[in-house]
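>>> Predicted model and sequence below, questions to follow.
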Amino acid sequence: MDQVNGGLQFINSDPRLILLFLRYVELLGVSRDALTYRLSIHESADTAAATEWWADVVGVPAEHFRRATVKKHKPSTVRRNVGETYRGCLIIYVPRSSRLYWEVEGVVRGIAASEDLRCAVKM
């Protein structure tokens, strides 16, 4: 999660976390059609197929996606996320959402604090 130009940006490769984030945003009254979607993927992958796959996951037409961000291959890097199941990361941008950013940050801090307390009790 990141704050960019007064908006909230969420990036992940796990479709379950993507759907959880979308559900949270929808509960706050933001429609999926109001969001911006972009794929971040390595140049060796099938960008078109990955875009279609993510569009199906989030339930919007692939035409709603902005041009993908394509990462250059670095031969020195050993990647484990390769092959047919590699679909890159999905970037979801919620425009004009500074307030939403602070709400999400508060929720995450609350969860982290409760986990810290639970760990402290175990010691």
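All right, it came through fine.
>>> Send me the helix or strand residue 38 falls within as PDB with only the CA atoms.
Under the criterion of DSSP states H and E, residue 38 resides in strand 36-42. Output of strand 36-42 as PDB, limited to C-alpha atoms (Å, rounded to 0.1, in the frame of the first residue of the first chain):
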ATOM      1  CA  THR A  36      -7.500   2.300 -12.100                       C
ATOM      2  CA  TYR A  37      -5.800  -1.000 -12.800                       C
ATOM      3  CA  ARG A  38      -2.300  -1.700 -14.100                       C
ATOM      4  CA  LEU A  39      -0.200  -4.800 -14.500                       C
ATOM      5  CA  SER A  40       3.400  -4.900 -13.500                       C
ATOM      6  CA  ILE A  41       5.100  -7.800 -15.200                       C
ATOM      7  CA  HIS A  42       8.400  -9.100 -16.500                       C
END
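>>> Specify the next element, helix or strand, located C-terminal of that strand.
Scanning onward from strand 36-42 (DSSP H and E), the first element met is helix 47-58.
>>> So what touches that following helix?
Applying Cβ atoms under 8 Å, 6 or more residues apart in numbering, the contact partners of helix 47-58 are 15, 18-19, 22, 32, 37, 39, 41, 61-62, 64-65, 68, 70, 86-88, 90, 92. Every residue, glycine included, has its C-beta placed from N, CA and C.
>>> what angle sits between that helix and strand 36-42?
Here helix 47-58 points in a direction 140 degrees away from that of strand 36-42 (axes from the mean of the first three to the mean of the last three Cα atoms, to 10 degrees).
>>> on that earlier part again, the strand holding residue 38 packs against which elements?
helix 47-58, strand 69-71, strand 89-94 (3 or more Cβ pairs under 8 Å, 6 or more residues apart in numbering; DSSP states H and E).
>>> Repeat the analysis, applying 10 Å as the threshold.
strand 7-12, helix 47-58, strand 69-71, strand 89-94 (3 or more Cβ pairs under 10 Å, 6 or more residues apart in numbering; DSSP states H and E).
>>> what's near enough to touch residue 40?
Residue 40 makes contact with 11, 13, 50, 68, 69, 70, 71, 88, 89, 90, 91, according to Cβ atoms under 10 Å, 6 or more residues apart in numbering.
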